[in-house]
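J.: Dropping a prediction and its sequence here:
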Amino acid sequence: MPKRTRHISLKKKAEMVDAIIDHYIKVRKRKNFPKKIVEPVLKLVFPESHYIGRGFHKVVHAIYSRSFKRVIKISNFKSTNRDWDLYHRLPRTIRNLYFAKIYWHTKYCSLQKFGRKAVVPQVQLEKLKRRVKQYGLTDVRAENIRKFGKGFKIIDAYPART
């Protein structure tokens, strides 16, 4: 029996975004991820979303669900898969203590909790770095940490090269 997924309507829309991007890549005979078409496609499929920012690999759009802020992160397949694997590299018992929850991912999209921007005290930053280093997560810096309630969580990390 298939596992039930939270936010199923958002996931179906994300799968539609994946299909549009795949079609665009096939028709245009592209090899790389088409970052420039992501914005218009997202506005079409997720009209209630708004642009938050972009990183080296990802484009981030906010989606409000009840009182929680969640984001759809769009990037190439390799980057999306890497984030999912990093999240699951942490043991279940501490995963959501230190890393913002990732609900699901598709080929190019992932839905993640997204806290609010705040100044991260150096003590908290060092604590987070120390806790996740043993699981092979690097690139834990203030820009990749958000405030969730009373604590701080990592929203993006990178695997250590092994």
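T.: Alright, I've got the coordinates.

J.: the longest helix in the chain is where?
T.: Scanning the chain for the longest helix, with DSSP state H as the assignment, gives helix 8-28.

J.: show me where this structure has helices.
T.: 8-28, 35-45, 77-89, 92-98, 122-133.

J.: which one of those lies closest to C109?
T.: helix 8-28 (3.9 Å; CB to CB). The way it works is simple: take the backbone N, C-alpha and C, and place the C-beta from them, glycine included.

J.: Just the CA atoms of the closest one, as PDB, please.
T.: Extracted in PDB, the C-alpha atoms of helix 8-28 (Å, rounded to 0.1, in the frame of the first residue of the first chain):
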ATOM      1  CA  ILE A   8      -0.900  15.900  -1.600                       C
ATOM      2  CA  SER A   9      -2.400  18.700  -3.700                       C
ATOM      3  CA  LEU A  10       0.900  20.600  -3.600                       C
ATOM      4  CA  LYS A  11       2.800  17.500  -4.600                       C
ATOM      5  CA  LYS A  12       0.500  16.900  -7.600                       C
ATOM      6  CA  LYS A  13       1.200  20.500  -8.700                       C
ATOM      7  CA  ALA A  14       4.900  19.900  -8.200                       C
ATOM      8  CA  GLU A  15       4.700  16.800 -10.400                       C
ATOM      9  CA  MET A  16       3.100  19.000 -13.000                       C
ATOM     10  CA  VAL A  17       6.000  21.500 -12.800                       C
ATOM     11  CA  ASP A  18       8.400  18.500 -13.300                       C
ATOM     12  CA  ALA A  19       6.500  17.500 -16.400                       C
ATOM     13  CA  ILE A  20       6.600  21.000 -17.800                       C
ATOM     14  CA  ILE A  21      10.300  21.300 -17.200                       C
ATOM     15  CA  ASP A  22      11.000  17.800 -18.700                       C
ATOM     16  CA  HIS A  23       9.000  18.700 -21.800                       C
ATOM     17  CA  TYR A  24      10.900  22.100 -22.100                       C
ATOM     18  CA  ILE A  25      14.300  20.300 -21.800                       C
ATOM     19  CA  LYS A  26      13.200  17.700 -24.400                       C
ATOM     20  CA  VAL A  27      11.800  20.200 -26.900                       C
ATOM     21  CA  ARG A  28      14.700  22.700 -26.600                       C
END
